[in-house]
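> I'd like to go over a predicted model; first the sequence, then the structure.
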Amino acid sequence: MPTAVAVTGSDLVLPSPDRHTPGAVPLGAATGAPLAESLAELHALLEQHGWLIVLHSTAADPETIRRVRTARAALEADRVTLVGLDLPPLGLALVALQLRQLSVCDFTPGVLASAARLLAHYVHAGAVLGSLARLDRVPVPLGSHARSRLPGTQYAVLAHPEPRLVKAVPGAELPGPDFATRLYLAHGDRPSTWLGETLARTWQVQSVTEVPLPKDSAAWWGTGKLTEFAAGIPDISVLYQLVSSVRRERCRWCGLEFLGDRCGFCGAPLAPPALRAPAGPRELGREPGREAARGFSRETAREPGRETPRDPVRNLPAARRAPAALPHAGPRSESGLPGPPGELGPVAPSGTAPRSAPPPGTAPPDRPGSSHPPYR
């Protein structure tokens, strides 16, 4: 069975685009269900799927996240992870949909969990608001604050990937994606025609889908007079290429594969370069039908001890993403599910003293008390 993807409410479950995409699970522990029911639900999900990824907003009620962590701790379930994303509610629902699409592919649970941050960089999320008086998540000029109080005035606000604010009038433009997207609209108390007539045309979206407004949208945007929108990559083949083109690492604590600089399940950071195993010829050379990393010659690839260069994802639509979004781009590893933790420890390069493995039971460095736990 594919890895289960859970969200903190049924309003964050977007309709499946095809019959192969599984549905998301509105987790009972996050929706206020009694602890006994939450434990039974969590246990049933792990028995059926084996692994569970819980997506939540970084702006979610701390009590909601605490209930999920309590249920996970009560079951001692290390196959459950919480992934927080700094996205508006509809953008979070879109990333959950994309993870659901990828869950039926051959990605391991660790890769799938760490791919959430990667997918978020390609989501364009915002809203058309009837008032800016309580908007505190996007910088708003003082003049726009005052003008938004005039009757009938609407402003188009882009919250992600780069904050932008314009008056929602014909001819106004927001910086959008330069790759094919599907646009999702969720109308509140004041529907907007500007999105369908202007934004969808300037962004050249493939299709527009209307969905119910998430219940947390009014609190996130500071007003119920809004229409929220989110645009993302709809094609599963492009999503698959995006994730599979990023270099994979092996977690030195739990043994799972992951993308980027931190394990998606235990949260352990990427091992220092001196402790990473040198990549083999298969990883640094050519895969069938795919080029090796750009500018990386065969001779350079065969030099022992040399790290794989960091290179952006190739053959993908250009997106406005942070420089650290794809820190370890490279050909996809063809390893299957990881073995037990510690089965294949990292190998230090020549001339470097190997570091001993941490003793059993030692908590990873990003457990409570860490300065920046991205997944907790």
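That came in fine, so what should we check first?

> From here on, just use CA atoms for contacts and neighbour counts.
OK.

> Check whether residue 220 sits in a helix, strand or coil.
helix (DSSP: H, G, I helix; E, B strand; the rest coil).

> what's the neighbour count on the closest residue to it other than its chain neighbours?
In space, residue 220 comes closest to residue 88 once its chain neighbours are excluded; the distance is 6.8 Å by C-alpha to C-alpha, 6 or more residues apart in numbering. Residues near residue 88, counting by other C-alpha atoms under 10 Å, number 26.

> Could you pull up the residues touching residue 88?
Residues near residue 88 by C-alpha atoms under 8 Å, 6 or more residues apart in numbering: 57, 125-126, 159, 217, 220.

> among these, which are in strands?
Applying DSSP state E to the contacts of residue 88, the entries found in strands are 57, 125-126, 159.

> Could I get these in a markdown table, plus columns for pLDDT?
Shown next, in a markdown table, are the ones in strands among the contacts of residue 88 (pLDDT from 0 to 100):
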| residue | pLDDT |
| --- | --- |
| 57 | 93 |
| 125 | 96 |
| 126 | 96 |
| 159 | 94 |
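
> Pipe those residues into JSON lines and attach neighbour count and distance to residue 77 per row.
JSON lines is the format used below for the ones in strands among the contacts of residue 88 (neighbours: other C-alpha atoms under 10 Å; distance: C-alpha to C-alpha, whole Å):
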{"residue": "57", "neighbour count": "20", "distance to residue 77": "21"}
{"residue": "125", "neighbour count": "28", "distance to residue 77": "33"}
{"residue": "126", "neighbour count": "28", "distance to residue 77": "35"}
{"residue": "159", "neighbour count": "21", "distance to residue 77": "34"}
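
> Tell me which two of these sit farthest apart.
Within these, two members stand farthest from each other by C-alpha to C-alpha: 57 and 126, at 14.8 Å.

> For residue 245, state which of the contacts of residue 88 is nearest.
Nearest to residue 245 among the contacts of residue 88: residue 125, at 24.4 Å, using C-alpha to C-alpha.

> which residues touch the closest one?
Applying C-alpha under 8 Å, 6+ apart, the residues near residue 125 are 87-88, 90-91, 158-161, 228-231.

> swap the cut-off to 10 Å and go again
87-92, 94, 157-163, 176, 183-184, 228-232 (C-alpha atoms under 10 Å, 6 or more residues apart in numbering).

> Can you say which of those residues are buried?
Among the contacts of residue 125, those buried by neighbour count (16 or more other C-alpha atoms under 10 Å) are 87-92, 94, 157-161, 163, 176, 183-184, 228-232.

> before we move on, the earlier item: give me the phi and psi for the residue nearest to residue 220.
phi -60, psi 160 (degrees, to the nearest 10).

> can you check residue 166 too?
According to degrees, to the nearest 10, residue 166 has phi -140, psi 160.

> Check residue 54 too.
According to degrees, to the nearest 10, residue 54 has phi -110, psi 110.

> Tell me if I'm right that it and residue 95 touch.
No: between residue 54 and residue 95 there is no contact under C-alpha atoms under 10 Å: 11.7 Å.

> Just want to know which of these two has more residues nearby.
More crowded of residue 54 and residue 95, by other C-alpha under 10 Å: residue 95, with 28 against 23.

> Look up how far residue 227 lies from that one.
19 Å (C-alpha to C-alpha, to the nearest Å).

> do the same with residue 8
21 Å.

> swap in residue 177?
For residue 177 relative to residue 227 (C-alpha to C-alpha), the value is 19 Å.

> the more surrounded of those two?
Between residue 177 and residue 227, counting by other C-alpha under 10 Å, residue 227 is the more crowded of the two (25 against 22).

> Can you tell me the closest non-neighbouring residue to the more buried one?
Distances taken as C-alpha to C-alpha, 6+ apart place residue 187 nearest to residue 227, at 4.3 Å, with adjacent residues excluded.

> Surely that neighbour is in contact with residue 209?
No: Residue 187 lies out of contact with residue 209 (C-alpha under 10 Å); the separation is 11.3 Å.

> Overlap in contacts, the two.
With C-alpha under 10 Å, 6+ apart as the test, residue 187 and residue 209 both reach residue 229.

> Quick check: bridge partners of residue 210?
Legend: beta-bridge partners of residue 210 under DSSP bridges are residue 185.

> confidence score at it?
Note on residue 210: pLDDT of 94.

> residue contacts, it?
Taking C-alpha under 10 Å, 6+ apart, we find residue 210 in contact with 14, 183-187, 229.

> go on, residue 116?
By C-alpha under 10 Å, 6+ apart, the neighbours of residue 116 are 53, 55, 83-85, 92, 95-96, 98-99, 243, 259, 264.

> Any figure for the gap between it and residue 41?
Taking C-alpha to C-alpha, one finds residue 116 at 23 Å from residue 41.

> Same check on residue 70?
To residue 41, residue 70 is 13 Å away according to C-alpha to C-alpha.

> just residue 257 next, same as before
Distance from residue 257 to residue 41, by C-alpha to C-alpha: 27 Å.

> ok, those two, which is more surrounded?
Comparing residue 257 with residue 41 by other C-alpha under 10 Å, the one with more neighbours is residue 257, at 26 against 16.

> The more buried one reaches residue 250, doesn't it?
Yes: Residue 257 is within contact range of residue 250, at 4.6 Å (criterion: C-alpha under 10 Å).

> For the stretch 251-376 of the chain, give me the ranges with low pLDDT.
Scanning the stretch 251-376 of the chain for pLDDT under 70 picks out 274-376.

> Done for today, thanks.
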